[in-house]
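1. predicted model and sequence below, questions to follow.
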Amino acid sequence: MEAVTEDARNSRTARLLVARLEAVARVATQLPHSEAERLVELASVATMRAIALELIRAEQADEIWRDAHVRYPQLPRRTPLELPQRIAA
């Protein structure tokens, strides 16, 4: 079995984030606003965890979120959340 390189892991995580945001954006207009916001919140938490686990760089994740909002203006805005210290460390 081949070892997964850091670059490959980073690229895969970035692709997964892009796909998740596109999926949320597609259904956002069909859901009540509170439900769409909840999906964005869950994607935000998943992004923060990926950053904490060093699966993706924070700058890259921020760029993906910015691009998603440009492509999908109906996507609810990401609420900045703070990681608990035990996860952030």
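-> All right, it came through fine.
2. C-alpha from now on. contacts and neighbour counts both.
-> Will do.
3. avg pLDDT for the lengthiest helix in the chain?
-> Using DSSP state H, we find that the single longest helix of the chain is helix 6-28. Here helix 6-28 scores 92 as its mean pLDDT.
4. before we move on, what about stretch 62-71?
-> pLDDT averaged over stretch 62-71 gives 94.
5. assign a three-state SS to the spatially most central residue of the chain, would you?
-> By Cα atoms, centre = their mean, the mean C-alpha position of the chain lies nearest to residue 47, the distance being 4.1 Å. With DSSP: H, G, I helix; E, B strand; the rest coil as the basis, residue 47 sits in helix.
6. buried set for stretch 46-53?
-> 47-52 (16 or more other Cα atoms under 10 Å).
7. now do stretch 13-26
-> 13-14, 17-18, 21-22, 24-25.
8. contacts for that stretch?
-> 36, 39-40, 43, 47, 50, 55-56, 60-61, 64-65, 68, 72, 74-75 (Cα atoms under 8 Å, 6 or more residues apart in numbering).
9. out of the residues you listed, which end up buried?
-> By 16+ other Cα under 10 Å, the contacts of stretch 13-26 give 36, 39-40, 43, 47, 50, 55-56, 61, 64-65, 68, 72, 74-75 as buried.
10. inside helices: which ones of those?
-> 36, 39-40, 43, 47, 50, 61, 64-65, 68.
11. what pLDDT, on average, does stretch 74-89 get?
-> pLDDT averaged over stretch 74-89 gives 65.
12. contact partners for the spatially closest residue to residue 27 that is not a sequence neighbour?
-> Excluding the flanking residues, the one nearest residue 27 by Cα to Cα, 6 or more residues apart in numbering is residue 36, at 7.8 Å. Residues near residue 36 by Cα under 8 Å, 6+ apart: 24, 27-28, 75-76.
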